Each structure stands twice: as C-alpha cells, then as structure tokens.
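Engineer: Could you work out the structure for the sequence below:
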Amino acid sequence: MSKSMIFLGFLLVFLSLALPGTQGKIIPRCEMVKILRRNGFQGFEGTTVADWMCLVKYESDYNTKAYNNNGPSRDYGIFQINSKYWCDDGRTPGSKNACHISCSKLQDDNIEDDIRCAKKIAREAHGLSPWYGWKNHCRGRDLSSFVRGC
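Structural biologist: Predicted structure coming up:
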C-alpha cells in the first residue's frame, strides 16, 4: 500500500471522528407512537397521536437532530421548533425564547424538553397550525397509517 493511500485512510478516520454528524437518532415509528401516547398527546388540544406522528414525519422525518435554516430564524429538533419564538440559538435577533431553552437542547436524543416545548406551542395555538409540515401534509387527511400496527 502506498504512503498516499495510508495517509488518505488516516485522514478519513480523523475526519469521521472530528466532524460531528448531522444525523441524530432516528426514532422508529412505533417507538415514537409509544412516546407520544405515554406523554398525553392523544386528545391534547383536540389533536391525535396520528396528527403528531404526521407532523413529526413531515417536519423532521423522526430525526432528533433535524435543522432547517429559514433565513432570519431556524427550526430545531424532532418537532422543528423555531428560534424566533420558542428557543434561543444566540443568532436570532428579537428571539422570544418562550420555552426558556437553548435551541441546541432540542437537537439531542433526549426529547423530553422538546415535548414540553411542542405542547406549549400547541397549547398557545390551540392546535397544530404553527407547523407548516402539518398544515401542508396532514390537516384534514386520513392519518391512520401513521399509527397502524403500533
């Protein structure tokens, strides 16, 4: 094996260890259904677990580390919680931080704080209308397939 091939191998190993991944935990569908049921999402503010499952599918594809840059603000975590109103990312001028949380906490694999904030958003909005993923893909549709078999 040539020295350049060995160097390239070491470089690839170094980069894979040094660079943080952008993929968080992908929560399996039925596991997410159980989490939502256990945390009282069924009937919460007139929503169903299927509503929330559809929302999570279209907002983050069940990825705890999901991130979306909207220009003046950003969305974080499995529920894609926005930095203008709900969390503090230190980069969004005039952030309200209504959930009193750092946006980076919404991107770890512990989604308890994400759940608290998502429920606060839904409570204040009396539903899921703040989430475009839900409005554009889920509202008014048969969502039974999101919970079927779970």
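Engineer: quick one: low-confidence parts of the protein?
Structural biologist: 1-22 (pLDDT under 70).
Engineer: Next, the contact list for the nearest residue to residue 102 once chain neighbours are set aside, please.
Structural biologist: Leaving out its chain neighbours, the residue that sits closest to residue 102 by C-beta to C-beta, 6 or more residues apart in numbering is residue 88, at 5.7 Å. Any C-beta I mention is one placed from the backbone N, CA and C, and that applies to glycine too. Neighbouring residues of residue 88 by C-beta atoms under 8 Å, 6 or more residues apart in numbering: 95, 97, 101, 102, 103.
Engineer: Taking those, please make a PyMOL selection of just the buried ones.
Structural biologist: Buried subset of the contacts of residue 88, written as a PyMOL selection, criterion 16 or more other C-beta atoms under 10 Å:
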select buried, resi 95+97+101+103
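Engineer: Which one of the contacts of residue 88 is nearest to residue 124?
Structural biologist: residue 97 (13.9 Å; C-beta to C-beta).
Engineer: quick one, what contacts the closest one?
Structural biologist: 86, 87, 88.
Engineer: One more: residue 26?
Structural biologist: 61, 62, 63, 64.
Engineer: hang on, the earlier thing: from the contacts of residue 88, which is closest to residue 68?
Structural biologist: For the contacts of residue 88, the nearest to residue 68 is residue 103 (11.6 Å; C-beta to C-beta).
Engineer: Identify the residues contacting the closest one.
Structural biologist: 74, 76, 77, 81, 83, 87, 88, 89.
Engineer: and what of residue 115?
Structural biologist: So, once contact is read as C-beta under 8 Å, 6+ apart, residue 115 ends up touching 35, 39.
Engineer: State the three-state secondary structure for the closest residue to residue 73 other than its chain neighbours.
Structural biologist: Using C-beta to C-beta, 6+ apart and skipping residues adjacent in sequence, the residue nearest residue 73 is residue 84, 3.9 Å away. Classification of residue 84 using DSSP: H, G, I helix; E, B strand; the rest coil returns coil.
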